[in-house]
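Chemist: Okay, here's the prediction I keep looking at, along with the sequence it came from:
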Amino acid sequence: MLPPNIKPRKYQEEIFNTAKEKNTLVVLPTGTGKTLIAFMLTCYQLEKWPGSKILFLAPTRPLAEQHLNSFKRSSNPETTMHLFTGKINADKRKKIWDETDIIFSTPQCIANDLKDHLYTLEDVSLLIEDEAHRCVKNYDYTYVAKTYKDQAKHQRILGLTASPGYEKKTILEICEHLGIETVEVRTRESDDVKEYLQKLEIETIYVDFPQELEKIRDLIKIIFDKKVEELKNRKLLFLPGNKKTLIDLQKKIMANILSGNRNIHMLAGASACAQALKVQHAIELIETQSVSAFNTYMINLFDQAKKAKSKAAVNLVKQKEFNQAYILAIELAAQNKEHPKLDTLKELIRKKITEEKKKRIIIFSQFRDNIIKICKMINQIPGVNARVFIGQASKDDNPGLTQKEQQEIIQEFSLGKVNVIASTSIGEEGLDLPEVNDVIFYEPVPSAIRKIQRAGRTARLFPGKLTVLVTKKTRDEAYYWVAFSKEKKMYKTLNTIKEDLKNQNARPKISDAAEATESTFPQNNDEKSQKSIFDFQGRSSL
């Protein structure tokens with residue numbers, strides 16, 4: 001029974017009524033109360049199956065702890081709850097598991113315990129997986145869900161996410177792993193949701209791509225085009241050379257080499273692919289980030305080559321275009337010339353803080369080096385106290401932030417001691433950030449999931465604004481529209497799957513997806529002109 005102080009909204013009640021009867025994937029905009037639905041279902045299952053347990057999984061410890069605190073504020077004091085972490089002794093975890101009603105944990109911790117046979121999921125009557133879009137491939141979410149379906153006596157599964165992706169194959173994979181029987185989806189425009197949401201103003205600011213930066217980009221692109229052409233000539237690459245196809249190709253090449261296929265084309269292709277990816281990253285930095293981030297990366301490549309850490313770096317630094325581009329970038333840095341986005345951002349922050357000093361702002365950018373540059377720059381603005389918000393890392397020269405340090409920054413942000421956070425993707429997903437007035441994308445991201453997660457940081461308790469910086473005639477423009485198109489397709493795909501589940505009265509399999517991801521390699525093309533090197537010597541494609 002729900003505590004009398006909890007009054008669910010109509011759509012939360014509707015989704016709860018569905019979820020108590022069927023394994024449900026809930027897709028709701030950020031800040032619309034997915035956790036309350038989980039809490040309602042938890043109360044129902046504990047009442048229906050006395051003595052059973054609830055397992056609530058979240059991808060990070062801070063997020064799991066956030067859900068624990070949320071449940072504690074509303075639950076019956078007699079209900080026992082505990083946060084599981086790997087730091088707790090295994091024997092103690094076993095004792096806690098036996099004595100606790102609701103366990104909050106990361107999937108890694110539970111998966112490890114299950115593999116060690118520390119306990120079973122037999123008595124778990126509800127498995128909740130937050131950020132359920134992560135329940136793909138061999139991620140620990142998938143292992144826990146499979147084990148739960150094998151072991152639990154009274155099964156009910158609830159998947160929560162704001163954005164499961166746009167590809168039908170991926171969404172079906174999530175549904176199959178979680179045993180999903182129905183999908184409940186709402187958007188910001190849904191009639192039963194929009195009355196509870198604050199207005200979100202969206203502004204796109206376009207900046208010109210300076211000729212000086214264009215010269216650097218064009219020099220690096222000469223190398224990139226050469227390497228892509230080499231991969232095509234070696235019958236390894238048949239699709240356009242971009243980040244995704246090259247990463248996929250690199251995985252396939254390395255898998256073939258490790259399996260013993262050391263054909264000269266394969267070995268040379270591995271080097272060409274590695275070089276193409278490195279210069280592709282350099283192009284992205286100069287187009288969308290900053291001159292300083294580009295220079296830092298170039299210096300890193302020189303260092304890799306000097307220490308012979310990377311054959312690809314050794315080959316790259318020998319090429320004249322690489323050195324010419326680096327010299328031009330160093331000259332720009334000496335003249336204090338930067339990417340125009342930085343000045344645009346600085347002026348934007350100055351204006352917002354001048355208008356209202358109590359504003360809280362989050363700036364998202366892809367790369368750590370650029371985040372650090374941004375933070376230093378805007379801290380020069382009177383009234384701004386900005387902090388870098390990044391994840392943990394193993395590199396000694398860039399250790400990142402511990403979870404404790406992340407939580408301290410969030411606390412300072414909540415109290416107003418910090419008014420601007422410059423964040424990488426770590427701030428996109430689920431963290432309990434206080435209400436944010438403005439979210440700024442330093443660059444568009446081509447992922448519908450990440451776009452929705454970023455935008456969801458604002459316009460929750462009161463109106464907010466989303467600003468996207470786009471550099472003209474660069475990948476920024478393409479990424480901007482790609483994410484827009486993917487988000488639109490995501491909701492269309494979700495509704496299709498929902499109807500399929502409803503009409504078939506059974507879960508469709510992954511193989512039923514009509515929109516399987518296109519392979520990097522051709523299937524039935526002209527064999528004489530396009531036969532893949534992967535098919536030579538009797539070896540089939542992976």
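Modeler: The structure has been received and is ready for your questions. Numbering: from 1, shown residues only.

Chemist: Any figure for the gap between residue 405 and residue 460?
Modeler: Distance from residue 405 to residue 460, counting by Cβ to Cβ, to the nearest Å: 25 Å. (Each C-beta comes from the backbone N, C-alpha and C, glycine too.)

Chemist: now residue 222
Modeler: Distance from residue 222 to residue 460, counting by Cβ to Cβ: 47 Å.

Chemist: hang on, residue 346 is in a strand, isn't it?
Modeler: No. Under DSSP: H, G, I helix; E, B strand; the rest coil, residue 346 sits outside any strand and is assigned helix.

Chemist: show me the contacts for it.
Modeler: For residue 346, the contact set (Cβ atoms under 8 Å, 6 or more residues apart in numbering) comprises 377, 378, 380, 381.

Chemist: Can you find the helix or strand of the chain with the lowest average pLDDT?
Modeler: helix 527-530 (a mean of 42; mean pLDDT, DSSP states H and E).

Chemist: Next, residue 164: phi, psi?
Modeler: Backbone geometry at residue 164, expressed as degrees, to the nearest 10, gives phi -90, psi 0.

Chemist: Not counting its neighbours along the chain, what's nearest residue 412?
Modeler: The shortest distance from residue 412 to any non-neighbouring residue, by Cβ to Cβ, 6 or more residues apart in numbering, is to residue 418 (4.3 Å).

Chemist: The one you found contacts residue 411, doesn't it?
Modeler: No. In this structure, residue 418 is not within contact of residue 411 by Cβ atoms under 8 Å, at 9.1 Å.

Chemist: Go through the contacts of residue 346 and name the one nearest residue 110.
Modeler: Proximity of the contacts of residue 346 to residue 110 (Cβ to Cβ) peaks at residue 378, which lies at 40.3 Å.

Chemist: hang on, the earlier thing: check the secondary structure at the residue nearest to residue 412 for me.
Modeler: Classified using three-state DSSP, residue 418 is coil.

Chemist: Next up, phi/psi of it, please.
Modeler: phi -110, psi 130.

Chemist: Tell me, how many residues neighbour it?
Modeler: Neighbours of residue 418 under the rule other Cβ atoms under 10 Å: 19.

Chemist: so what's it up against?
Modeler: Here residue 418 is in contact with 385, 386, 387, 409, 412 (criterion: Cβ under 8 Å, 6+ apart).

Chemist: If we ignore the residues flanking it in sequence, what's nearest residue 372?
Modeler: residue 388 is the one closest to residue 372 (Cβ to Cβ, 6+ apart), at 5.9 Å.

Chemist: Contact partners for the closest residue to residue 81 other than its chain neighbours?
Modeler: Leaving aside its chain neighbours, residue 81 sits nearest to residue 102 (4.5 Å; criterion: Cβ to Cβ, 6+ apart). For residue 102, the contact set (Cβ under 8 Å, 6+ apart) comprises 42, 53, 54, 55, 56, 71, 75, 79, 80, 81, 82.

Chemist: Quick one, which of those are buried?
Modeler: Among the contacts of residue 102, those classed as buried by 16 or more other Cβ atoms under 10 Å are 42, 53, 54, 55, 56, 71, 75, 79, 81, 82.

Chemist: Helix or strand: which one has the residue nearest the centre of the chain?
Modeler: Central residue of the chain (Cα atoms, centre = their mean): residue 450, 5.4 Å from the mean position. Using DSSP states H and E, residue 450 falls within helix 448-455.

Chemist: Strands of this protein, residue ranges please.
Modeler: 24-27, 53-57, 81-83, 102-105, 124-130, 157-161, 182-185, 200-207, 361-364, 386-389, 420-423, 438-441, 464-471 (DSSP state E).

Chemist: What pairs with the last one, parallel or antiparallel?
Modeler: In other words, strand 464-471. Under the criterion DSSP bridges, strand 464-471 sits next to strand 200-207 (parallel), strand 438-441 (parallel) in its sheet.

Chemist: coming back round to it: out of the buried ones among the contacts of residue 102, which is nearest to residue 366?
Modeler: For the buried ones among the contacts of residue 102, the nearest to residue 366 is residue 56 (30.5 Å; Cβ to Cβ).

Chemist: Okay, domains of the protein per the record?
Modeler: 10-195, 200-208+340-473, 211-337 (automatic domain parsing).

Chemist: Figure out which of the ones you listed is closest to residue 496.
Modeler: Of all those, domain 10-195 comes closest under Cβ to Cβ, at 7.3 Å.

Chemist: Could I get the average pLDDT for that closest one?
Modeler: Domain 10-195 comes out with an average pLDDT of 95.

Chemist: and the angle from the lengthiest helix in the chain to helix 448-455?
Modeler: Scanning the chain for the longest helix, with DSSP state H as the assignment, gives helix 475-504. Relative orientation of helix 475-504 and helix 448-455, computed by axes from the mean of the first three to the mean of the last three Cα atoms, to 10 degrees: 110 degrees.

Chemist: quick one: the closest residue in space to residue 31 that isn't next to it in sequence and residue 65, what's the gap?
Modeler: Once flanking residues are discounted, residue 31 sits nearest to residue 460: 3.6 Å by Cβ to Cβ, 6+ apart. For residue 460, the distance to residue 65 (Cβ to Cβ) stands at 20 Å.

Chemist: Which of the two has more residues huddled nearby?
Modeler: residue 460 (20 against 17).

Chemist: Can you pull the phi/psi pair for that one?
Modeler: phi -110, psi -60.

Chemist: roughly how far apart are it and residue 13?
Modeler: With Cβ to Cβ as the criterion, residue 460 and residue 13 are 21 Å apart.

Chemist: Residue 448 now?
Modeler: According to Cβ to Cβ, residue 448 and residue 13 sit 28 Å apart.

Chemist: closest one to residue 147 among the strands of the chain?
Modeler: Between the strands of the chain, strand 124-130 lies closest to residue 147; by Cβ to Cβ that is 9.7 Å.

Chemist: now for that closest one, which elements pack on it?
Modeler: The contact analysis (3 or more Cβ pairs under 8 Å, 6 or more residues apart in numbering; DSSP states H and E) places strand 124-130 against helix 34-48, strand 53-57, helix 140-151, strand 157-161.

Chemist: just checking, what packs against the last one?
Modeler: Right, strand 157-161. For strand 157-161, the packing partners by 3+ Cβ pairs under 8 Å, 6+ apart are strand 24-27, helix 34-48, strand 124-130, helix 140-151, helix 168-178.

Chemist: out of those, nearest to residue 244?
Modeler: So among these, helix 168-178 is nearest, using Cβ to Cβ, at 13.7 Å.

Chemist: coming back round to it: what about the helix holding residue 450, average pLDDT?
Modeler: 91.

Chemist: Just the buried ones from the contacts of residue 418?
Modeler: 386, 387, 409.

Chemist: got the buried residues for stretch 331-346?
Modeler: 332, 338, 339, 340, 341, 342, 344, 345, 346.

Chemist: show me what contacts the third one?
Modeler: It refers to residue 339. 210, 213, 286, 289, 290, 291, 471.

Chemist: Now do residue 342 against residue 368, distance only.
Modeler: When Cβ to Cβ is applied, the distance between residue 342 and residue 368 equals 16 Å.

Chemist: quick revisit: now render the helices and strands packed on strand 124-130 as TSV, adding distance to residue 119.
Modeler: Shown next, in TSV, are those (distance: least, Cβ to Cβ, whole Å):
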stretch	distance to residue 119
helix 34-48	18
strand 53-57	10
helix 140-151	10
strand 157-161	19
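
Chemist: sorry, back to before: let's see if you can find the most crowded of the contacts of residue 346.
Modeler: residue 378 (22 neighbours).

Chemist: My guess is that one contacts residue 347. True?
Modeler: No. Using Cβ under 8 Å as the test, residue 378 is too far from residue 347 to be in contact (10.3 Å).

Chemist: rewinding a little: the longest helix of the chain vs helix 168-178, what angle?
Modeler: 50 degrees.

Chemist: gap between helix 475-504 and the chain center?
Modeler: 17 Å (Cα atoms, centre = their mean, to the nearest Å).
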